[in-house]
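J.: Give me a model of this one.
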Amino acid sequence: MTRGPARPATRARAAVLVVLGALGVAGGATGCVTERQKSVAILEEGSLAPPEARAALVGGAGRGARGYRRPRSPASGAAATTTALDRPLPAVTEVATAELGADVVGERPAPEVAAQVVPAPFKTSAAPRAHAPVADVATLERRRRETFLACTTTIRAEKATLFVPARYAAEAVLTGTTRLTLRHLTIDAKTVKLVVRTDGSDDVSISARGDVSFHADRPASLIAEEGLKLLLVRNDGYTPLR
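T.: All right, here's what the predicted structure looks like:
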């Protein structure tokens with residue numbers, strides 16, 4: 001069998017089919033048959049992708065979706081190339097380094113911690129502050145003994161006797177038998193005696209009898225006694241008898 005004569009029939013049949021197809025398109029254009037079709041929304045490729053992936057799809061932030069071109073498939077036998085979708089997204093540090101520069105982006109310095117000021121402890125005391133150092137016992141005793149020797153003191157009587165330790169005897173001045181002075185103490189009497197102690201006592205004592213008058217100008221108070229029968233003085237204290 002030979003298939004040579006069959007080719008003309010095939011070409012004629014194809015020509016008939018083309019004519020019939022053209023007539024069908026023309027008939028549809030005249031509106032004889034109306035068919036309602038549903039509208040189909042066409043989305044741009046990559047519009048639903050995340051911002052980073054979309055930027056990679058459209059070729060960068062500066063190009064729109066229309067400027068995107070699908071990469072050509074490699075030819076047979078050629079090595080496949082990596083597209084933008086296959087590459088991993090750049091890290092945040094790399095992006096910041098590319099935009100700000102390598103000198104600006106780096107390790108963040110550790111935050112400075114403000115030093116806390118701790119007040120120094122101080123010692124408190126309930127006792128009042130002393131105005132002057134307290135004198136020792138010996139000094140206080142000496143002041144008590146010399147109370148009437150340190151202030152202006154005058155004693156008048158018929159008879160008077162002064163008893164002092166040996167260290168005070170050198171300072172005493174006896175004028176006749178009627179007057180005796182020792183520092184600021186003055187004794188006037190018809191009979192005045194000075195007795196130096198030998199019993200080892202450090203007291204300063206005075207004994208006066210008969211119409212005794214006693215005047216002493218102490219810093220704390222003033223003493224004025226008149227008409228006494230007997231006056232006994234010992235250090236800073238005295239006893240008047242009427």
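J.: what bridges to Ile206?
T.: Ile206 forms beta bridges with Leu162, Val233, as assigned by DSSP bridges.
J.: Can you report how many residues neighbour it?
T.: Number of residues near Ile206 (other Cβ atoms under 10 Å) recorded here: 22. (C-beta placed from N, C-alpha, C; glycine too.)
J.: Distance check, it against Thr239.
T.: Separation of Ile206 from Thr239 (Cβ to Cβ, to the nearest Å) stands at 11 Å.
J.: Identify the contacts common to the two.
T.: Leu231, Leu232, Val233 (Cβ atoms under 8 Å, 6 or more residues apart in numbering).
J.: can you count the residues close to the nearest residue to the second one once chain neighbours are set aside?
T.: The shortest distance from Leu232 to any residue other than its chain neighbours is 4.5 Å, reached at Thr239 (Cβ to Cβ, 6 or more residues apart in numbering). Using other Cβ under 10 Å, Thr239 has 10 other residues around it.
J.: quick one, what contacts Thr239?
T.: The contact partners of Thr239, by Cβ under 8 Å, 6+ apart, come to Leu231, Leu232, Val233.
J.: quick one: it is in a strand?
T.: Yes. Membership of Thr239 in a strand is supported by DSSP: H, G, I helix; E, B strand; the rest coil.
J.: Thr153 touches Arg183, doesn't it?
T.: No. At 9.2 Å, Thr153 does not count as touching Arg183 under the criterion of Cβ atoms under 8 Å.
J.: quick one, which of these two is more surrounded?
T.: Taking neighbours as other Cβ under 10 Å, Thr153 and Arg183 compare with Thr153 leading, 22 against 16.
J.: give me every residue that touches that one.
T.: By Cβ under 8 Å, 6+ apart, Thr153 lies in contact with His184, Leu185, Thr186, His215, Ala216, Asp217.
J.: how near is it to Thr147?
T.: Note on Thr153: its distance to Thr147, by Cβ to Cβ, is 9 Å.
J.: One more: Thr139?
T.: Thr139 sits at a distance of 13 Å from Thr147 (criterion: Cβ to Cβ).
J.: With neighbour numbers in mind, choose between those two.
T.: When Thr139 and Thr147 are compared for neighbours, Thr147 comes out ahead with 19 against 10, by other Cβ under 10 Å.
J.: any idea of the pLDDT on the closest residue to that one other than its chain neighbours?
T.: Using Cβ to Cβ, 6+ apart and skipping the chain neighbours, the partner closest in space to Thr147 is Asp236 (3.7 Å). Note on Asp236: pLDDT of 94.
J.: do the same with the one 3 residues further on
T.: Listed pLDDT for Thr239 reads 96.
J.: so Lys190 makes contact with Glu158?
T.: Yes. Look at Lys190 against Glu158 with Cβ under 8 Å: they come within range, at 5.2 Å.
J.: quick one: low-confidence parts of the protein?
T.: For the chain, the stretches with pLDDT under 70 are 1-111, 113-118, 120-137.
J.: so the helix or strand harbouring Glu158 versus strand 237-241, what angle?
T.: Using DSSP states H and E, Glu158 maps to strand 152-164. On the basis of axes from the mean of the first three to the mean of the last three Cα atoms, to 10 degrees, strand 152-164 is oriented at 100 degrees to strand 237-241.
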